[in-house]
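Student: how does the following fold in three dimensions:
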Amino acid sequence: MNTKKKKIAFVSGGSKGIGLAIVHKMLEQNYQVITCGRSLDDWNKAKTKNPELDEVDFIKTDLCDKQELNKLFATIKKKYGHLNAAVNNAAVQILAKGQFTDISEDILRQNLDSDLWMPIMCIKKELELMLSEGGSIVNVTSISGVIPTPDAAMYSAAKYGLEGLTKTLALELIDKNIRLNTVAPGPIMTPRWEKRVKKQDCEEIYAGVAARSPMKRFGTPEEVAAGVLWLLSDEASYVLGHTLIIDGGMSLRGNV
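Tutor: All right, here's what the predicted structure looks like:
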């Protein structure tokens, strides 16, 4: 009988794609998982396909709404008291696409708020729940935070910002027994890519990825999740402020 106390983990955006794969991996490793998403329907669909998700504490939340974000973490604190692990994975549709000079200030700001300010606020709240016992945080960024991404300047700026924040906080917080690292995925076949494939010529999209990726294919959410769980684990106890790039070698060739 396994009497080992479960670690408490929070994953943002856990109802589909990379987030859902991380939730599954955490369940396999006996975490008590808390996750959130904007759509209860998406979560219920995931549970219908995967009954084991009944063990997960799902809290419907729009993390871009300050009141909802605060309520989420207040609920976690009241119910669990602390966090041992957190993964900041939630993402919204990239709004600021195209040439930087052609995009309005409002759209640029919205993109920055959702891709940088929102995870910053999550990290702030997560740290409050880790200071007493220590813990580990993994921020899911992108290869757009490692190499330039033309026509997605604000998205790239946000991901570079999250990379820089992670490294700085890693140094600030290691004396409190809190480790921070990042995972930077490349082209991963998530629901966002699946929508693009349905709207466009499937062969053209796959050919484009194959031409840029040395491994000639998309990655899977499970491959990203494996990297995230390793960084959270004791096996990575000497890894600090690191960016684990999971992109099939695409970033080795320069611009995305």
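Student: could you use CA atoms for every contact and neighbour count after this?
Tutor: Will do.
Student: how about stretch 106-119: buried residues?
Tutor: 108, 110, 111, 112, 114, 115, 116, 117, 118, 119 (16 or more other CA atoms under 10 Å).
Student: I'd like these as a markdown table, with secondary structure and distance to residue 39 appended.
Tutor: Output for the buried residues of stretch 106-119, formatted as a markdown table (DSSP: H, G, I helix; E, B strand; the rest coil; distance: CA to CA, whole Å):
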| residue | secondary structure | distance to residue 39 |
| --- | --- | --- |
| 108 | helix | 25 |
| 110 | helix | 20 |
| 111 | helix | 20 |
| 112 | helix | 22 |
| 114 | helix | 17 |
| 115 | helix | 19 |
| 116 | helix | 21 |
| 117 | helix | 21 |
| 118 | helix | 17 |
| 119 | helix | 18 |
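Student: residue 84: which of those residues is nearest?
Tutor: Closest approach between those and residue 84, by CA to CA: residue 119, at 17.5 Å.
Student: dump the residue contacts of that closest one.
Tutor: Counting by CA atoms under 8 Å, 6 or more residues apart in numbering, residue 119 makes contact with 88, 90.
Student: rewinding a little: of the buried residues of stretch 106-119, closest to residue 251?
Tutor: Comparing those against residue 251 with CA to CA picks out residue 115 as the nearest, at 20.5 Å.
Student: how many neighbours does residue 5 have?
Tutor: 9 (other CA atoms under 10 Å).
Student: can I assume it sits in a helix?
Tutor: No. Looking at residue 5 with DSSP: H, G, I helix; E, B strand; the rest coil, it is coil, so not inside a helix.
Student: quick check: the gap between it and residue 138.
Tutor: Going from residue 5 to residue 138 by CA to CA, to the nearest Å gives 22 Å.
Student: which residues in the stretch 51-200 of the chain form helices?
Tutor: 66-80, 105-112, 118-128, 153-173, 191-199 (DSSP state H, counting those that start in this stretch).
Student: which one of those lies closest to residue 50?
Tutor: helix 191-199 (17.0 Å).
Student: quick check: mean pLDDT of the closest one?
Tutor: In this model, helix 191-199 has a mean pLDDT of 64.
Student: can you check stretch 227-242 too?
Tutor: 98.
Student: what do you get for stretch 49-59?
Tutor: In the prediction, stretch 49-59 has an average pLDDT of 96.
Student: and it, what's buried?
Tutor: Using 16+ other CA under 10 Å as the test for burial, stretch 49-59 gives 53, 56, 58, 59.
Student: now the first one. Nearest residue, chain neighbours left out?
Tutor: Taking CA to CA, 6 or more residues apart in numbering, and ignoring the residues beside it in sequence, residue 53 has residue 47 as its nearest neighbour in space, at 5.5 Å.
Student: so that neighbour, which of the three states?
Tutor: Per three-state DSSP, residue 47 ends up helix.
Student: where in the stretch 1-150 of the chain is pLDDT low?
Tutor: Judged by pLDDT under 70, the stretch 1-150 of the chain has its weakly predicted residues at 1-3.
Student: burial count for residue 48?
Tutor: By other CA under 10 Å, neighbour count at residue 48 equals 12.
Student: and it, how far from residue 149?
Tutor: For residue 48, the distance to residue 149 - CA to CA - is 37 Å.
Student: what's the answer for residue 226, then?
Tutor: Residue 226 is 25 Å from residue 149, where distance means CA to CA.
Student: show me what contacts residue 132?
Tutor: Residue 132 touches residue 82, counting by CA under 8 Å, 6+ apart.
Student: next up, phi/psi of it, please.
Tutor: phi -80, psi -30 (degrees, to the nearest 10).
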